[in-house]
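A.B. asks: Prediction below, plus the sequence it came from.
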Amino acid sequence: MSIRRYLQLDVFADTRGSGNPLGVVLDSDGLDTASMQALAAWLNLSETVFFLPPDAAGADYHVRIFTPGSELPFAGHPSVGAAWAAVECLGLQPRDGGLVQQCAAGLLPVRVQDDGRGRRIALRSPAARRIAAVPGDVPAALQAIADPHCPVELWNNGPSWWLVEATEAAQVRSLQPDFAAIAAWTDATGATGVAVYAREDRDGHALVVRAFCPGDAANVPEDPVTGSANALIAARLADAGRLPGRDGRYLASQGRELGRDGRVELLVRAVDEVWIGGAVQPVIRGSVDWP
């Protein structure tokens, strides 16, 4: 057995117990892919990140990202949490307020800002691209709330997410998802999951989001807060000229239906330049014994 430093963080969280939990293994040397996947499955968090020495020019650190069921090329809340851990626990010093993360999706710029609200982390998402639009085959519960003027579309920024814009925020908040139907749909189309969203001008946020990924790609029925999906929603809204907020900035609410109340800060400079960020709260600091 090897004793490895371990953290559990709440990401996109202004307070502990909110946002999305993340497992962080700081010492991952000697762990092969199967061992990482097994530990991620055992921890049973939506994602776990494993730190490795960077091997790409320009990278400050290297992470691999696992759900309980598979490895992801990119995910938002693990990347934001990893950047926090790189500074707080590994002692990396940002250069001009920034770091560079290496992951399977490539090299991603990170910004670290300390202000009166505490430390905030923002990360540039991989460029978004639209994959497909589907007029049919959408699970009935989702089709029933989908805005008829906004087609259901598949977008990708590493993972692929179906994006469903609802007519009203209350429909998103009260949605009772059919997980079996969503899993069958996302598995058949090679998607990680489906993100449902709507405008909601309340408590400082402009958008409400929920994300469901019960299929084989992630095996997480509902993700508390989802950086990659929020980034894709922002890119889609920018592409349509329908961004909320001002100057490309807005706040999204996700996770209240699970008691997690996450807050995702978004900055959109272009369809292919979306920054996601927020606060990170440490909850557990210790070690894990894993072969």
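C.D. replies: Cool, the structure landed.

A.B. asks: now the strands for the stretch 51-200 of the chain?
C.D. replies: 61-66, 71-72, 98-103, 106-115, 118-124, 129-133, 153-156, 160-165, 193-202 (DSSP state E, counting those that start in this stretch).

A.B. asks: so which of these is the most packed in?
C.D. replies: Highest mean neighbour count among the strands of the stretch 51-200 of the chain (mean count of other CB atoms under 10 Å): strand 160-165, with a mean of 25. Using the backbone N, CA and C atoms, a C-beta is placed for each residue, glycine as well.

A.B. asks: average model confidence for that strand?
C.D. replies: Across strand 160-165, pLDDT averages out at 98.

A.B. asks: How about residues contacting that strand?
C.D. replies: 131, 134, 138, 142, 145-147, 150, 152-155, 185-186, 189-198, 211, 228-229, 232-233, 236 (CB atoms under 8 Å, 6 or more residues apart in numbering).

A.B. asks: try 7 Å
C.D. replies: With contacts defined as CB atoms under 7 Å, 6 or more residues apart in numbering, strand 160-165 is touched by 131, 142, 146-147, 150, 152-155, 186, 190-198, 228-229, 232-233, 236.

A.B. asks: and it, C-alpha only, in CSV?
C.D. replies: Only the C-alpha atoms of strand 160-165 are listed here, as CSV (Å, rounded to 0.1, in the frame of the first residue of the first chain):
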residue,chain,number,x,y,z
SER,A,160,-20.2,16.3,-25.2
TRP,A,161,-23.4,17.7,-23.7
TRP,A,162,-26.9,17.9,-25.1
LEU,A,163,-28.2,21.4,-24.3
VAL,A,164,-31.9,21.9,-23.7
GLU,A,165,-33.2,25.4,-23.1
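
A.B. asks: just how off-centre is it within its chain?
C.D. replies: 14 Å (CA atoms, centre = their mean, to the nearest Å).

A.B. asks: Who does it pair with, and is each partner parallel or antiparallel?
C.D. replies: strand 153-156 (antiparallel), strand 193-202 (parallel) (DSSP bridges).

A.B. asks: Report the strands that pair with the strand ranked longest in the chain, each with its relative direction.
C.D. replies: When the chain is parsed with DSSP state E, its longest strand is strand 273-290. Here strand 273-290 is paired, per DSSP bridges, with strand 2-11 (antiparallel), strand 118-124 (antiparallel), strand 262-270 (antiparallel).

A.B. asks: residues making contact with the shortest one?
C.D. replies: Residues external to strand 118-124 that are found in contact with it (CB under 7 Å, 6+ apart): 79-80, 83-84, 108-113, 265, 267, 273, 275-280.

A.B. asks: ok and that strand relative to strand 98-103, angle-wise?
C.D. replies: If you take axes from the mean of the first three to the mean of the last three CA atoms, to 10 degrees, strand 118-124 sits at 50 degrees to strand 98-103.
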